[in-house]
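Colleague: here is a sequence together with a model predicted from it:
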Amino acid sequence: LMNNMDVILVKRLFDPNSAGIYAGVVTVGKVLLFGAGSVSTIMFPVVAEAFSGGQAYKKPLKRFLFLQLLMIVGFALPFVLFPRFITVLMFGKRFLPAVQYVPMFTVFISAYILVNFFILYFMAIEKFLTTYILVLGALLQAVLIWKFANSLDVVIFINVLVTMIVLAVLVVYYAMLKSE
């Protein structure tokens, strides 16, 4: 939800040129999402099997979280340090106006990868409350973009802000469960 709502709203709220630039930024971000985000796909069945079998499921979580963070840093650094190179490599020079948005959008996607990681972890241990947190985050994102987005920078800032809030709530929920 949170990685698609913005695209729909940008297409509705902005001119076609801006929407096209944003679509390019999102496409660049999807490379990061599908590359670094693959760890959670592998983590889910491992943790779910351990949980359902009554085995230790927190130890694999720590290993996968470390791997997830490593992958995010490894994938995100080139996007932050070399946004022009990445954008031109993927889309050519016609998308140069998108370069300025790539670093901050990378922050959004990196945080979103962690949100997705924790959501899948909680689903693996049958804590489905977190899906409501994600839905509330997506609604907050949509409302804020609809009301306040007057530039692509603001859209990306809202994405980062809401995703960080959702991530913080998930981390607090994890800490609460851990202390039980």
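Modeller: Nice, I can see it.

Colleague: poorly predicted segments of this structure, please.
Modeller: Along the chain, the model assigns pLDDT under 70 to residues 1.

Colleague: against which helices or strands is the helix ranked longest in the chain packed?
Modeller: Of all the segments of type helix in the chain, defined by DSSP state H, the longest one is helix 152-179. Other elements packing on helix 152-179 under the criterion 3 or more Cβ pairs under 8 Å, 6 or more residues apart in numbering; DSSP states H and E are helix 5-13, helix 16-36, helix 102-124, helix 129-148. Heads up, the C-betas are built off the backbone N, CA and C, glycines and all.

Colleague: buried stuff in the third one?
Modeller: Residues of helix 102-124 classed as buried under the neighbour-count rule (16 or more other Cβ atoms under 10 Å) are 102, 104-122, 124.

Colleague: next one: the last one
Modeller: Residues 130, 133-134, 137-138, 140-142, 144-145 are the ones in helix 129-148 that count as buried (16+ other Cβ under 10 Å).

Colleague: any chance of those in CSV, with distance to Gln55 too?
Modeller: Putting those into CSV (distance: Cβ to Cβ, whole Å) gives the following:
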residue, distance to Gln55
Thr130, 22
Ile133, 27
Leu134, 27
Gly137, 31
Ala138, 33
Leu140, 37
Gln141, 37
Ala142, 40
Leu144, 42
Ile145, 43
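
Colleague: out of the residues you listed, which is nearest to Ser52?
Modeller: Ranked by distance to Ser52 (Cβ to Cβ), the buried residues of helix 129-148 are led by Thr130 at 17.9 Å.

Colleague: report the contact partners of the closest one.
Modeller: Neighbouring residues of Thr130 by Cβ atoms under 8 Å, 6 or more residues apart in numbering: 118-119, 122-123, 170, 173.

Colleague: now render those as CSV, adding distance to Thr163.
Modeller: Below are the contacts of Thr130 laid out as CSV (distance: Cβ to Cβ, whole Å):
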residue, distance to Thr163
Phe118, 12
Ile119, 12
Phe122, 16
Met123, 18
Leu170, 10
Tyr173, 15
